[in-house]
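Enquirer: can you look at this prediction? I've put the sequence above it.
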Amino acid sequence: MPPMPEPERARRGAPPHSIATALGVAAFALALSPARPVHAQIRDSNYAQVEQELERLLTVAVERYEDLRLDSAASALDLAVNEARDNGYTGRLLAEIHMWRGLVFFARKGEDYERNTRDAFVQALTADRSVRLSPEVATPTLEAVFDTALQSLTNGQVCETAPTGARFDGHITHTPRRRVDAGRPVTLEATVTPILRGRMETFHVFFRTSKMDGVRRLPMTAAGGDRYVAQIPGKYIRGTVLTYYMLVDDREGSLIAQYQSVQTPAKVVIDDLPTGEALGDDGGDAGADESEATEDEARRPDRRDPEPEPEPEPDAGPSSLDEEPTPSRRGGRITAGFALGTGLGRVTDASRPQTRTKAKVAPGMAFAPLHTLLEVDYRVADRVSVGLLARVQLVDFTHLEGLRVRYEALRMGGHGVSVRGGLAYGHISHQVPLGPYRDFTLEGPFGYTLGVSYALGLNRRWSFVVSPDFWHMMGDAPTQHFDLSLGAAARF
């Protein structure tokens, strides 16, 4: 599971300058107002103390969440909820506390975790109907749970805004394309009405494809008049279907307009064939034909392609979010791994003990008690890495070195499965019984290896790794050997 969300990322509160302005206005009004009763001053002082304690508990909870101490984070948030209830505290901060409770429920999984997450989101919306999931922590699964909570308060209308605000969904005009070419940039254009343009602060498109690990976000940039455009780089146009939706927030951070939603996104076919071949009428969403799409692209202003902002990285550990970046996505191109393990292999008549050299070894299976496996890989393509390996047996310091190629075959949330193979030179030793004694054999020195590696992402840099490997050593003493190694890998 992409750095961990900072507290300010998960909250959608007013920006610092608006808070300072509000405080200044409040101070000015206080200076002009008559002296207040003592009991009112005491009440306000207690309110401030409660708010300060809630802020402290929320900060503690977020820190523990980031340290993967989810049970401890949940306890801090429960204390905060009890503190607010006992003192009659309501408002935005309480909503933020409930939103974090939802994230923690989602991260802990467990029985009925989606229902608990939804209930926490409902409590957050009850405290402040303008609270929203930040795009920087949201995933399609979390957004679906949040929309379900929203529906329970808004008679089934997804993403209904706070009662105090107005919605302008009909003020966004966009014509989706029906198909696009794989590997080529896709330009999205939308037109907004002057009424909406005067109220909007941010305008983003959220997109993903069937080959992407999570949702990415791009700003819709003003292109003159009421037109806004965003271009999705061609490197993301992979798979079979591109889905996207657009959201508009006002200056208070409240959602005021949207085109489609996470549950009903616009869909575009990704095709390796030329886009001039029109898609037949399949009853889907109406879209522009290819000539209209080409005309839209021709009107695109000459500017740098906007790079997508980082996709949601709920790096709160392996169980935090279903759609977090996989272990292969974290960090840079170099991965270093260290593991400990044990193995089992076949000894033959050609195997020779190292101490009692004239003794005969009975053919059969024998253990290789303890080894270390050191690996360094360099990612040369999206899913392909090449690297060096060193296997050292600790009891008798038998070693071999080699080259290996790795291909990441599966990415799913914070999990990754790779297949790997390579060549090696050195020896593998096995512990064999010789009467009342035990001795070690040496097999090799040439060989190849095939294996599988499972990686569980712990945070942005580290992964827990389990690797079963097969070794076929050839030469003076051949053997077939199986290893099981457990360790950690770090990406730099």
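Expert: Okay, I see it.

Enquirer: what is the least confident helix or strand in the protein?
Expert: One helix or strand of the chain scores below all others by mean pLDDT, DSSP states H and E: helix 290-298, with a mean of 32.

Enquirer: okay, now the closest residue to Pro363 other than its chain neighbours: neighbour count?
Expert: Nearest residue to Pro363, sequence neighbours excluded (C-beta to C-beta, 6 or more residues apart in numbering): Thr348, at 5.2 Å. C-betas here are computed from N, CA, C, even on glycine. For Thr348, the neighbour count with other C-beta atoms under 10 Å is 15.

Enquirer: now do the same for Thr348: its pLDDT.
Expert: For Thr348, the model assigns a pLDDT of 86.

Enquirer: pretty sure it contacts Pro478?
Expert: Yes - counting by C-beta atoms under 8 Å, Thr348 touches Pro478, with 6.8 Å between them.

Enquirer: what residue of this protein is the furthest out?
Expert: If you look at how far each residue of the chain sits from its centre, by C-alpha atoms, centre = their mean, the farthest one is Lys358, at 58.8 Å.

Enquirer: on the three-state scheme, that one is what?
Expert: Here Lys358 is coil, with the state taken from DSSP: H, G, I helix; E, B strand; the rest coil.

Enquirer: dihedrals phi and psi, it?
Expert: For Lys358, the backbone dihedrals (degrees, to the nearest 10) come out as phi -90, psi 0.

Enquirer: find me the pLDDT at it, would you?
Expert: 78.

Enquirer: tally up the residues packed near Tyr245, please.
Expert: Residues contacting Tyr245 under the criterion other C-beta under 10 Å number 20.

Enquirer: OK, contacts around the closest residue to it other than its chain neighbours?
Expert: Spatial nearest neighbour of Tyr245, chain neighbours left out: Gln260 (4.0 Å); criterion: C-beta to C-beta, 6+ apart. Residues near Gln260 by C-beta atoms under 8 Å, 6 or more residues apart in numbering: Tyr244, Tyr245, Met246, Ala266.

Enquirer: any idea of the pLDDT on the third one?
Expert: Read that as Met246. pLDDT at Met246 comes out at 93.

Enquirer: was I right about it contacting Ala190?
Expert: Yes - under the criterion of C-beta under 8 Å, Met246 makes contact with Ala190 at 6.3 Å.

Enquirer: looking at those two, which is more packed in?
Expert: Legend: neighbour count by other C-beta under 10 Å for Met246 and Ala190, higher for Met246 (25 against 20).

Enquirer: elements contacting whichever strand or helix holds that one?
Expert: Assigned by DSSP states H and E, Met246 belongs to strand 241-250. With contacts defined as 3 or more C-beta pairs under 8 Å, 6 or more residues apart in numbering; DSSP states H and E, strand 241-250 has these neighbours: strand 186-192, strand 200-209, strand 255-259, strand 266-271.

Enquirer: one more pass at 7 Å, please.
Expert: Of the remaining helices and strands, those touching strand 241-250 by 3 or more C-beta pairs under 7 Å, 6 or more residues apart in numbering; DSSP states H and E are strand 200-209, strand 255-259, strand 266-271.

Enquirer: correct me, but Thr90 touches Asp128?
Expert: No - contact status for Thr90 versus Asp128: not in contact, 8.5 Å apart, counting by C-beta atoms under 7 Å.

Enquirer: so which of the two has more stuff around it?
Expert: Neighbour totals were compared for Thr90 and Asp128, and Asp128 leads with 20 against 13 (other C-beta under 10 Å).

Enquirer: gap between the lengthiest strand in the chain and the chain center?
Expert: Scanning the chain for the longest strand, with DSSP state E as the assignment, gives strand 437-457. In terms of C-alpha atoms, centre = their mean, to the nearest Å, the centre of strand 437-457 is set 34 Å apart from its chain centre.

Enquirer: would you mark the buried spots in that strand?
Expert: Applying a neighbour-count criterion of 16 or more other C-beta atoms under 10 Å, one finds 439-445, 447, 449, 451, 453-457 buried in strand 437-457.

Enquirer: cool, and stretch 53-66?
Expert: Across stretch 53-66, burial judged by 16+ other C-beta under 10 Å covers Glu53, Leu54, Leu57, Leu58, Val60, Ala61, Val62, Arg64, Tyr65, Glu66.

Enquirer: would you agree the first one is in contact with Asp86?
Expert: This means Glu53. No - assessed by C-beta under 7 Å, Glu53 is found out of contact with Asp86, at 10.9 Å.

Enquirer: so where's the chain shaky on pLDDT?
Expert: Judged by pLDDT under 70, the chain has its weakly predicted residues at 1-46, 135-136, 154-167, 272-332, 412-414, 460.
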